[in-house]
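K.L.:
Any chance you can model this:
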Amino acid sequence: MAQPIAASEGIFDVDSGPQASSNEYPGILDKAEIERLGRQRPALLKSAWAECGFVFSVVASMMISEFFIGGFFIISPALAESLQIPTALRTWPAAVPNLTTAALLLPCARLCDRYGGRLVFLMGHIWLLIWSIIAGFSQNPTMLIVCRALQGIGSGIFLPAGMALLGQAYRPGPRKNSVFSLYGAFAVIGFYCGIFMGALASQLLDWKWYFWIGAILCLIVTVVGFLTIPRKLGLGNKTAQIDWWGVCTIVPGLVLVVFALTDGGHAPDGWRTPYIYISFILGGIFLCAAVYVQGWVSADPLLPADAFRPKYMKRLVASLFCSYGVFGLYLFYASYYIETVLHTSPFQTAAWFAPLAVGGMILALTGGFVLHLIPGRILLIISGLGYILSVLLFAVMPEQSASGEPSTSFLYWSHVFPAMICGTIGMDISFNVTNVFITTALPARLQATAGALTNCLVYLGIAFWLGVGDLAVATSQDLHGELGLREQYQIGFWTGVGLAALSLCLVATVKMGQAAAEMTADERARAEQEAK
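P.N.:
Numbering: from 1, shown residues only. Predicted coordinates for the structure are as follows:
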């Protein structure tokens with residue numbers, strides 16, 4: 001008999017191969033049955049309309065989350081002027097929702113285990129709806145930052161629930177690939193919808209309407225989700241325990257470290273300011289304690305060791321943490337560069353970002369047709385090259401002279417447009433590929449954790465590396481004196497180039513096969529047990 005497929009392997013090991021015939025295991029589905037199940041509608045979704053409503057509610061939740069990221073970069077200049085936000089605080093409204101989302105994803109994944117994905121999914125949207133309305137009434141920078149932080153809590157609640165619902169409903173195969181590609185496409189749609197609505201609000205309405213339009217979209221998703229998510233799919237396990245020791249170490253650790261990185265460059269004495277280095281040291285202590293608690297104290301940890309057992313998982317996680325940080329640096333500094341250095345209007349800025357959205361939709365929608373044909377390793381290398389070029393093109397963009405040469409049009413077609421295409425190649429390919437592969441590699445009981453982990457890497461990567469980029473700019477000014485806007489933004493872009501190169505080196509060593517129809521992680525585990 002051939003050697004059984006270990007439960008921790010599968011798609012992450014091209015040598016073992018994801019398409020090994022399950023005929024090797026008595027009592028397990030044969031290959032033809034696996035292929036059929038990988039293509040048909042899940043039994044829980046009784047009709048095509050039921051499936052459409054369910055899928056829309058979950059993928060549109062990603063749209064809502066991205067709406068409040070993408071558009072905020074566009075309204076930031078107008079909002080900073082309206083609320084008189086100091087330069088030292090301008091990174092915070094953009095970074096803080098990413099931070100609160102990232103910090104709460106793992107605890108909220110455990111809420112999904114205990115109370116069911118459906119309830120947690122709906123409660124998260126209601127929370128985001130409330131604070132989006134309040135954010136529109138912000139009167140000062142402090143109120144805005146608090147509202148943005150509380151918005152991030154909403155995303156932290158519903159994102160792992162949505163990923164868990166999809167992961168539990170669909171088994172590995174082309175249908176799952178298509179649904180997760182649609183999930184990625186709606187991330188792009190939401191991101192550009194936020195950009196467009198941000199431009200509309202900045203130029204024709206008022207920045208407040210950006211938040212209120214987002215609240216309306218959130219209400220629609222909540223209603224559709226309430227009506228279409230199967231109740232059986234969202235059942236919880238009342239015996240699941242909340243790892244309070246993990247919550248009390250992971251959350252403050254992440255918050256304190258990112259706070260120190262983000263604010264260190266603007267504190268009165270920089271990193272010599274007592275509250276900065278104390279926050280950083282305390283955050284580091286909390287995170288070290290979290291590692292100890294998760295590994296040796298908690299009986300049911302928030303981030304169990306089983307989540308990292310699949311081959312190459314640790315390397316993949318490190319690469320994604322870096323690459324998503326590149327995307328955050330790219331979005332933040334590109335939006336400011338386009339509006340403040342190239343002096344474009346909000347609508348023109350939105351038009352310049354359009355290739356990012358269109359290219360992302362094309363890549364996301366076609367991904368469902370190629371993920372089972374092209375090895376994931378090749379796709380991730382292409383993604384890594386896209387990340388590098390997206391920030392490199394901005395970093396080497398020539399400066400306009402007093403006479404306006406080179407022209408803004410030339411700079412757009414020679415640098416901005418290809419950078420947008422490369423940016424969407426980087427983000428959308430890596431997001432779609434890793435969502436499919438990570439959820440397939442982990443068993444059903446860890447689907448909420450898989451959703452929390454993948455989304456945590458996005459939001460924590462953006463928040464953490466925005467802080468690092470801001471620190472790099474502040475340190476350069478300490479060494480070389482006051483820098484112009486263009487020079488400041490270039491430092492952020494070069495930081496992204498180095499980070500993207502590191503990410504590519506990591507991901508190039510990850511052996512990942514095609515996302516073809518195969519046994520689930522639970523079926524592989526049973527197959528191994530029966531073979532023994």
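
K.L.:
Helices along the stretch 301-450 of the chain, start to end?
P.N.:
Ranges of helices in the stretch 301-450 of the chain, per DSSP state H, counting those that start in this stretch, are 313-336, 346-352, 354-370, 376-395, 408-411, 417-441, 447-480.

K.L.:
most packed of those?
P.N.:
Sort the helices of the stretch 301-450 of the chain by mean neighbour count, taking mean count of other CB atoms under 10 Å, and helix 417-441 sits at the top with a mean of 26. Where C-beta positions appear, they are placed from N, C-alpha and C, glycine not excepted.

K.L.:
chain center to that helix, what's the gap?
P.N.:
10 Å (CA atoms, centre = their mean, to the nearest Å).

K.L.:
That helix - contacts with which helices or strands?
P.N.:
Counting contacts by 3 or more CB pairs under 8 Å, 6 or more residues apart in numbering; DSSP states H and E, helix 417-441 packs against helix 141-169, helix 174-203, helix 313-336, helix 354-370, helix 376-395, helix 447-480.

K.L.:
Taking their axis directions, that helix and helix 447-480 sit at what angle?
P.N.:
Going by axes from the mean of the first three to the mean of the last three CA atoms, to 10 degrees, helix 417-441 is angled at 140 degrees with respect to helix 447-480.

K.L.:
pLDDT of helix 417-441, averaged?
P.N.:
Mean pLDDT, helix 417-441: 82.

K.L.:
re earlier: and of the helices and strands packed on helix 417-441, who's closest to Ala501?
P.N.:
Shortest distance between Ala501 and the helices and strands packed on helix 417-441, using CB to CB, is found for helix 376-395: 6.2 Å.

K.L.:
Just confirm Glu164 contacts Arg118, I think it does.
P.N.:
Small correction: residue 164 is Ala, not Glu. No. At 9.9 Å, Ala164 does not count as touching Arg118 under the criterion of CB atoms under 8 Å.

K.L.:
Settle it for me: which of these two has more neighbours?
P.N.:
Higher neighbour count among Ala164 and Arg118: Ala164, with 30 against 23, using other CB atoms under 10 Å.

K.L.:
rewinding a little: so which of the helices of the stretch 301-450 of the chain gets nearest Val247?
P.N.:
Among the helices of the stretch 301-450 of the chain, helix 447-480 sits nearest to Val247 (CB to CB), with 12.6 Å.

K.L.:
can you pull the contacts of the residue nearest to Val55 when sequence neighbours are not counted?
P.N.:
Sequence neighbours aside, Val179 is the residue nearest to Val55 in space, at 5.9 Å (criterion: CB to CB, 6 or more residues apart in numbering). Val179 makes contacts with 55, 59, 166, 170, 368, as judged by CB atoms under 8 Å, 6 or more residues apart in numbering.

K.L.:
Ok, Gln84 next?
P.N.:
By CB under 8 Å, 6+ apart, the contact list for Gln84 reads Pro141.

K.L.:
State the distance from it to Pro141.
P.N.:
Counting by CB to CB, to the nearest Å, the separation of Gln84 from Pro141 is 8 Å.

K.L.:
rewinding a little: which one of the helices of the stretch 301-450 of the chain lies closest to Val251?
P.N.:
Nearest to Val251, of all these, is helix 447-480, at 11.6 Å by CB to CB.

K.L.:
Show me how far that closest one is from its chain's centre.
P.N.:
Centre to centre, stretch against its chain (CA atoms, centre = their mean), the figure for helix 447-480 is 12 Å.

K.L.:
what's the angle from it to helix 313-336?
P.N.:
Angle between the axes of helix 447-480 and helix 313-336 is 50 degrees (criterion: the same axes, to 10 degrees).

K.L.:
who does the helix or strand just after helix 447-480 touch, helix- and strand-wise?
P.N.:
Sequence order places helix 485-507 as the next helix or strand after helix 447-480, per DSSP states H and E. Secondary-structure packing of helix 485-507 (3+ CB pairs under 8 Å, 6+ apart): helix 313-336, helix 376-395, helix 447-480.

K.L.:
Comparing those by mean pLDDT, which bottoms out?
P.N.:
Ranked by mean pLDDT, these end with helix 447-480 at the bottom, a mean of 75.

K.L.:
Counting by contacts, list what that helix packs against.
P.N.:
Applying 3+ CB pairs under 8 Å, 6+ apart, one finds that helix 447-480 contacts helix 91-115, helix 141-169, helix 244-263, helix 313-336, helix 417-441, helix 485-507.

K.L.:
looking at those helices, which is closest to Asp300?
P.N.:
The nearest among these, by CB to CB, is helix 91-115 at 8.2 Å.

K.L.:
Great, nothing more from me.
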